[in-house]
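S.K.: Give me a 3D structure for the following:
(2 chains)
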Amino acid sequence: MSPTPVKKQVLLNELFYFKEMNALPEVKMLIIIPAYNEEENLPGVIEDLKDHLDEIDMNHIVIIDDGSIDQTTEVAKSLGATVITFPYNLGIGGAVQTGFLYAAQNDYEIVLRCDGDGQHRADQISRLIEPVLTGRVDVVIGSRFLVEKSYDTPFLRNIGIKLFSVINSVIIGQKITDSTSGFRAYNRKAIKFLAKHYPQDYPEPEALVILKKNGFRLAEVPVEMRQRMRGKSSITFFSALYYMIKVCFAVFMGMFKY
Amino acid sequence: MEYSVNIFRIQVIAIVASLILIAAIVSLIRKHRLREEYSLLLLGGGVAVIIFSVWRQLLDKIAHAIGIAYPPSMLFIVMLLVGVLIFLHLSVTVSELKEQNKRLTQEVSLLKQRIEQHLKQALLQQEAGG
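M.R.: Numbering: from 1, shown residues only, chains lettered A, B, ... in the order given. The predicted structure follows:
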């Protein structure tokens, strides 16, 4: 499957405030970046966003420092982003949920969620938000497995991702190829919902289950990703087993939660 | 004769141990170090041990009624069940606390961000004004 061509007109200039472009409504978008010890990667991530989104207002990028022990908060502030700092490490789910709380409190219409390690590329954002912008779906997931490029992901992780995707697909009754992808776009309805309910550890696959269960429309779009710039992934080999068991169980239980 | 003396001795030990447990719980509640809702199961367990110690035939009767051949083993099962119940209760409590703690952390962090933003704006206005 070849990736759909990027729509330039959606991309540049006024991504943050669309004004009658392609009859698209005026949209207020927030970018959520959870960061745990990402002082080395953040400047590159922000640089990338600036390169691809013209006239980007840094206030609309919120970086959530999940109790980092390095200079993540200071670096994020010096880059001009809105920074929310936790006094201790709350976990990725709590961090992302805080982003949704911020978005809901400040009345954002679209949330774009991307990682702080640089693997999510800013030039893919337009493709990601397009289905949400046009109102066709509530949640868009960027899938690296829908493009014809092989990724050099570690063997065990690759298996894990595939396994979760299959389990996830079966449970929600919709084909998902990259259920652990955190590169996603959400509309206002989803923002409000997730501000209240967001899973804690390794939340991406479980979030899909609770979203689907509550009637949200999901769609995947092909996106290209990068390898991590620097530093290590938060998922180590030793936590992989726990990760698999926990996520499988959480995804399974997600079916029965209110 | 020897047999009944031993039984009497263990009865006294069980009663004394239960009384000590109950006294410890009551004392903890009085000092506000234990909330009532978390003490009820333990208190119930202590009272049950006293009742069974004083009225030994009760244990035999209940065990016989539900088909347990060896009455003391019923005591173990009941104790184990009470222990598991307390454990479950505590796990629920910890989960609740964790959720509330998360919410508090998020709210505090959001408030902190908002205060910093207001301070920054005020500073900018001051600079522009003077």
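
S.K.: Show me the contact partners of the host helix or strand of A:Glu206.
M.R.: A:Glu206 belongs to helix A:203-213 when assigned by DSSP states H and E. Identification of contacts with helix A:203-213 by CB atoms under 8 Å, 6 or more residues apart in numbering or on different chains yields A:92-93, A:96, A:138-139, A:141, A:164, A:167-168, A:171-174, A:176, A:179-182, A:190, A:193-194, A:197-199, A:218, A:247, A:250-251, A:254-255, A:257. For every residue, glycine as well, the C-beta is placed using N, CA and C.

S.K.: show me where the stretch 51-200 of chain A has strands.
M.R.: Secondary structure of the stretch 51-200 of chain A, counting by DSSP state E, counting those that start in this stretch: strands at A:61-65, A:82-85, A:110-113, A:139-143, A:184-187.

S.K.: Show me which residues of the stretch 101-250 of chain A sit near chain B.
M.R.: Residues of the stretch 101-250 of chain A found near chain B (CB under 8 Å from any CB of the partner chain) are A:101-102, A:105, A:200.

S.K.: Arrange the strands of the stretch 51-200 of chain A in TSV, one row each, with distance to B:Ala24 as further columns.
M.R.: As requested, the strands of the stretch 51-200 of chain A are exported to TSV (distance: least, CB to CB, whole Å):
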stretch	distance to B:Ala24
strand A:61-65	44
strand A:82-85	43
strand A:110-113	51
strand A:139-143	53
strand A:184-187	52
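
S.K.: Quick one: these as JSON lines, columns for mean pLDDT and mean neighbour count too.
M.R.: Formatted as JSON lines, the strands of the stretch 51-200 of chain A follow (pLDDT from 0 to 100; neighbours: other CB atoms under 10 Å in any protein chain shown):
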{"stretch": "strand A:61-65", "mean pLDDT": "96", "mean neighbour count": "28"}
{"stretch": "strand A:82-85", "mean pLDDT": "96", "mean neighbour count": "24"}
{"stretch": "strand A:110-113", "mean pLDDT": "95", "mean neighbour count": "25"}
{"stretch": "strand A:139-143", "mean pLDDT": "95", "mean neighbour count": "25"}
{"stretch": "strand A:184-187", "mean pLDDT": "96", "mean neighbour count": "26"}
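
S.K.: rewinding a little: check which residues of the helix holding A:Glu206 are buried.
M.R.: Within helix A:203-213, the residues scored as buried using 16 or more other CB atoms under 10 Å in any protein chain shown are A:203-212.

S.K.: What residues does B:Ile29 make contact with?
M.R.: Taking CB under 8 Å, 6+ apart, we find B:Ile29 in contact with B:35-36, B:39.

S.K.: Work out for me the element it sits within.
M.R.: Secondary structure assignment for B:Ile29, by DSSP H and E: helix B:2-30.

S.K.: After that helix, which helix or strand is next?
M.R.: helix B:36-54.

S.K.: The residue most central in space within chain B and A:Lys189: what is the separation?
M.R.: When CA atoms, centre = their mean is applied to chain B, the residue found nearest the centroid is B:Tyr38 (3.9 Å). Counting by CB to CB, to the nearest Å, the gap from B:Tyr38 to A:Lys189 is 40 Å.

S.K.: same question, A:Ile69
M.R.: Noted for A:Ile69: a distance of 37 Å to A:Lys189, by CB to CB.

S.K.: helices and strands around the longest helix seen in chain B, which ones?
M.R.: Taking DSSP state H as the criterion, chain B has its longest helix at helix B:71-129. Using 3 or more CB pairs under 8 Å, 6 or more residues apart in numbering or on different chains; DSSP states H and E, the elements in contact with helix B:71-129 are strand A:82-85, helix A:92-105, helix B:36-54, helix B:56-66.

S.K.: Any chance of the ones you listed in TSV with distance to A:His52 as columns?
M.R.: As requested, those are arranged in TSV below (distance: least, CB to CB, whole Å):
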stretch	distance to A:His52
strand A:82-85	19
helix A:92-105	20
helix B:36-54	55
helix B:56-66	72
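
S.K.: which sections of the stretch 151-258 of chain A are below the confidence cut-off?
M.R.: Applying pLDDT under 70 to the stretch 151-258 of chain A flags residues A:151-154, A:156, A:228-238, A:258.

S.K.: Quick check: the residue of it nearest chain B.
M.R.: Ranked by CB to the nearest CB, the top residue of the stretch 151-258 of chain A for proximity to chain B is A:Gln200, at 7.6 Å.

S.K.: Run a quick neighbour tally on B:Val108.
M.R.: The number of residues packed near B:Val108 is 12, by other CB atoms under 10 Å in any protein chain shown.

S.K.: give me phi/psi at the nearest residue to it once chain neighbours are set aside?
M.R.: Nearest residue to B:Val108 in three dimensions, chain neighbours excluded: A:Pro87, at 7.6 Å (CB to CB, 6 or more residues apart in numbering or on different chains). Main-chain dihedrals, A:Pro87, degrees, to the nearest 10: phi -70, psi -20.

S.K.: For A:Pro87, the count of nearby residues, please.
M.R.: Using other CB under 10 Å, A:Pro87 is surrounded by 10 other residues.

S.K.: can you check the one 4 residues further on too?
M.R.: The criterion is other CB under 10 Å. On that basis, A:Gly91 has 20 neighbouring residues.

S.K.: same deal with the one 4 residues further on?
M.R.: Other residues near A:Ala95 come to 27 when the count uses other CB under 10 Å.

S.K.: so what's it up against?
M.R.: A:34, A:36, A:64, A:66, A:86.

S.K.: hang on, the earlier thing: quick check, nearest of the buried residues of helix A:203-213 to B:Leu119?
M.R.: Closest to B:Leu119 out of the buried residues of helix A:203-213 is A:Pro203 (32.4 Å), distances taken as CB to CB.

S.K.: Report the contact partners of the nearest residue to A:Ile63 once chain neighbours are set aside.
M.R.: Leaving aside its chain neighbours, A:Ile63 sits nearest to A:Ala76 (4.2 Å; criterion: CB to CB, 6+ apart). Shown in contact with A:Ala76 (CB under 8 Å, 6+ apart): A:35, A:42, A:63, A:65, A:83.
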